[in-house]
Each structure stands twice: as C-alpha cells, then as structure tokens.
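Colleague: let's see this in three dimensions:
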Amino acid sequence: MDETEQREIEERLKDRIAAYHEAALLFTAVTAGLPDLLKAEPRNPEALASDLGLEAGPLRRLLRGLVAMRLCEELDDGRFALTPAAECLTHGSPSNLSEKAFVVVGQYWMPWMSMMYSLRTGEPSLPFALNKTAADWRGAKSDEGRFLFRYVAKEELANPGSMHEALGDVAEGAVIASVGGGYGAWLADVLERDPSLKGIVYDAPPVLDDAMRLFDVLGFADRIEFLPGDAREEVPAVADIYVLKSVLQRHDDTDAAAVLENCRRAMTPGARLVIYERLMPEDASADPEAIMTDLHMMAITGGKTRTLAEMEALIAGAGLSGAGHRKTADGMTAIDVRTP
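Modeller: Coordinates of the predicted model:
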C-alpha cells in the first residue's frame, strides 16, 4: 500500500468516525418533529420550545446545526425555516429517510456500540444495550417496530424491481405469500404487473394492522389476505408461491430450520418457495454489504448471513430440495425451493 492510498483510507475513516455528529442531529430533529413543524411555517426557537416543552437556548443551537447541514435556514427575523431539500424528512414523504434516522440511530446505534457483548457471549447485543428482546422491540405496542416496518415498506415500494425478477415465471391467477416479512410491500408491484395474481401477508397481528392500511391506500387490499401468525410455529397452507424475503437471516439455525420445515408442511404439490437474501461471499471484499448485514444480525437478532452452501444445508435439513438460484440486479440471491 502506497502513501497516497494510506492517506485516503485514513481520511475516509475520519469522516466515518465524525459522522455521528450529523446522525445524532438528524435523529433529534426527527424525534422532536421539527421537520413537520417548520414545513408548516417558519418558527422562532422560543415558539418551538414552548410547543415542544424544550429550552429555547439549546434548541436554537440545534437549529443552527441543522442550518450547517443545509436542512434549515435562519431568516433575518430570527425564525428558522425548512429548506426544500429537507422536506424528505416530513410526514407523508415517499422518502424513508425520517424512518431510517429513527431506526438506525435510535435502535441500532447502541447494539452496534455494544458489540463487545456479542463477542464475549455469542449472543445478540440488542437485549443487553436496550433492555428488551428483538421480539419486544417489534411487538404490539412498539413504536420502534412500527418505524422499522414503515422504513422497510417505503424501501420496497421505491425499489421493487428485483423482487419481481426473483419470482421468475408466475402462473396466471397464482397466490403469492409474503411469510414473516413485515408489510410485504413488494407485493404491490407484483400485483400491479399482473391483475390476475393475489397475495397473502403473513406476520404478527400488530404488523398486519398497518399492512392493511398500507395496501388499502395503495388500492390492493381486496386482492390480499392478511393472516396472523409466527412462521417459526406454523405457516398457512394456502399459497402457490411462498416467499421468505430477508427472513432466514434474522434467525439462528434452529429457528431458520423451523421456518423452512413449516413452509414444507404448508406446501401442496406444485407449490414452490422462493428464498430471497443476500448471501455471504467467500471473499469479504466481493460484497461488503453482505458482511455488514451479517454483523448487523449478530448484534440485533442473533441471526447471520449464510453462504450458499449453508443455505442449501438448511434447505435439505428441512426436507426440501433446491431447484436452482440466481443473483438479482440488486446483489441479492433468489433460491428456488421445491418439495421432494
């Protein structure tokens, strides 16, 4: 490594280390609801502080931080206004940046900071860092879970193309089930492409409440059945194609095997299963995102990113047969699975 490359690496690391400044400011602004308040009308710190139960002096300093980030501008009369660029952070925006700030900084930061716990114990660090389990975190009364699923849903609505690619050929009139994958927002694009298709969203009851509202707004609620349950315990026998989209990576081998076994029990002759995940590469530099996903699962859920061989072993262990795999344009891999 020459001196120039060494300097470039050091500068990049310095930038990454200092990024917590803006991440924390963004999280604080979103948590306080500042983007929506300032979009409605420019406000001075005193008025904002009174409405939010905050101190005006510290709030003014935070608002100037947002000015430095070009998310706000300070007017001549002392009021602060939202810049057009920052409207992506307001409620109702198609962007998921607001949810991402809340999820990544508010939920993921401390477990990642506590990764030494995972290294010492082999257990996820989220319960240690946040004093709640992953199940509590996405439970019935969890605002954190709702933000997470909203974030994922917006991402799936904005980037649905590879999911359609992952499904491959779909027979006319087929029923496609999103199993344990949150709102299953990717189904909207699939159903729009083929009016003959129907969908199923299978997940925990609190997830389904918001999923119903989402698909009602999108105009697909009449073509989707919403079924409550936990794929580790049971999968309903009602679909032609079962889809596990980034589901198995959330689980350890025991729970991942249970999900696959339940899918096998549900699959009727001719049904198929599509596993859609980012796989672990042999060379870490070949897919850094897969490596970071693996570390994320280690810290948050106790799951992991698996190699193709590990995935094939899980599939075979569940009494299923792999029927080929293909990498999609977004770097994910779709694995076709059948019953023997």
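
Colleague: and the helices in the stretch 1-150 of the chain?
Modeller: Here the stretch 1-150 of the chain has its helices, by DSSP state H, counting those that start in this stretch, at 3-18, 20-32, 34-40, 45-52, 56-68, 97-103, 109-113, 115-121, 126-130, 134-137, 143-158.

Colleague: which of these sits closest to residue 278?
Modeller: Shortest distance between residue 278 and these, using C-beta to C-beta, is found for helix 143-158: 13.8 Å. C-beta here means a position set from N, CA and C on the backbone, and glycine is covered the same way.

Colleague: still on that earlier bit, using CSV, lay out the helices of the stretch 1-150 of the chain together with distance to residue 167.
Modeller: Shown next, in CSV, are those (distance: least, C-beta to C-beta, whole Å):
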stretch, distance to residue 167
helix 3-18, 36
helix 20-32, 34
helix 34-40, 36
helix 45-52, 46
helix 56-68, 42
helix 97-103, 26
helix 109-113, 33
helix 115-121, 35
helix 126-130, 32
helix 134-137, 28
helix 143-158, 14
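
Colleague: closest one to residue 231 among the ones you listed?
Modeller: Of these, nearest to residue 231 by C-beta to C-beta is helix 134-137, at 13.3 Å.

Colleague: and that closest one, what does it pack against?
Modeller: Applying 3 or more C-beta pairs under 8 Å, 6 or more residues apart in numbering; DSSP states H and E, one finds that helix 134-137 makes contact with helix 126-130.

Colleague: assumed residue 172 was part of a helix.
Modeller: No - using DSSP: H, G, I helix; E, B strand; the rest coil, the secondary structure at residue 172 is coil, not a helix.

Colleague: dump the residue contacts of it.
Modeller: 194, 196 (C-beta atoms under 8 Å, 6 or more residues apart in numbering).

Colleague: 7 Å instead?
Modeller: The contact partners of residue 172, taken as C-beta atoms under 7 Å, 6 or more residues apart in numbering, are residue 196.

Colleague: can you add distance to residue 171, mean pLDDT and mean neighbour count and give the helices of the stretch 1-150 of the chain back as JSON lines?
Modeller: Output for those, formatted as JSON lines (distance: least, C-beta to C-beta, whole Å; pLDDT from 0 to 100; neighbours: other C-beta atoms under 10 Å):
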{"stretch": "helix 3-18", "distance to residue 171": "47", "mean pLDDT": "89", "mean neighbour count": "10"}
{"stretch": "helix 20-32", "distance to residue 171": "43", "mean pLDDT": "94", "mean neighbour count": "17"}
{"stretch": "helix 34-40", "distance to residue 171": "45", "mean pLDDT": "94", "mean neighbour count": "20"}
{"stretch": "helix 45-52", "distance to residue 171": "54", "mean pLDDT": "95", "mean neighbour count": "16"}
{"stretch": "helix 56-68", "distance to residue 171": "52", "mean pLDDT": "97", "mean neighbour count": "16"}
{"stretch": "helix 97-103", "distance to residue 171": "35", "mean pLDDT": "87", "mean neighbour count": "21"}
{"stretch": "helix 109-113", "distance to residue 171": "42", "mean pLDDT": "95", "mean neighbour count": "17"}
{"stretch": "helix 115-121", "distance to residue 171": "44", "mean pLDDT": "97", "mean neighbour count": "13"}
{"stretch": "helix 126-130", "distance to residue 171": "41", "mean pLDDT": "93", "mean neighbour count": "20"}
{"stretch": "helix 134-137", "distance to residue 171": "36", "mean pLDDT": "76", "mean neighbour count": "16"}
{"stretch": "helix 143-158", "distance to residue 171": "23", "mean pLDDT": "78", "mean neighbour count": "19"}
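
Colleague: thought residue 299 was touching residue 128?
Modeller: No - between residue 299 and residue 128 there is no contact under C-beta atoms under 7 Å: 9.7 Å.

Colleague: which residue is the nearest non-sequential neighbour of residue 166?
Modeller: Excluding the flanking residues, the one nearest residue 166 by C-beta to C-beta, 6 or more residues apart in numbering is residue 334, at 3.6 Å.

Colleague: for the one you found, name its beta-bridge partners.
Modeller: On the basis of DSSP bridges, residue 334 is bridged to residue 276, residue 326.

Colleague: which residues does it contact?
Modeller: Counting by C-beta under 7 Å, 6+ apart, residue 334 has contacts 166, 274, 276, 325, 326, 328.

Colleague: PyMOL command to pick out the buried ones of these?
Modeller: In PyMOL, a selection of the buried entries from those looks like this (16 or more other C-beta atoms under 10 Å):
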select buried, resi 166+274+276+325
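
Colleague: ok, so of the contacts of residue 334, who is nearest residue 211?
Modeller: Ranked by distance to residue 211 (C-beta to C-beta), the contacts of residue 334 are led by residue 276 at 18.2 Å.

Colleague: burial check on the residue nearest to residue 332 when sequence neighbours are not counted, number of neighbours?
Modeller: Computed as C-beta to C-beta, 6+ apart, the closest residue to residue 332 that is not its neighbour in sequence is residue 278, at 5.3 Å. By other C-beta atoms under 10 Å, 21 other residues sit near residue 278.

Colleague: what lies in contact with stretch 87-101?
Modeller: Identification of contacts with stretch 87-101 by C-beta under 7 Å, 6+ apart yields 26, 27, 30, 35, 36, 39, 147, 150, 151, 154, 155, 158.

Colleague: of all the residues you listed, which two lie farthest apart?
Modeller: Of all pairs in the contacts of stretch 87-101, the most separated under C-beta to C-beta is 39 and 155 at 22.6 Å.
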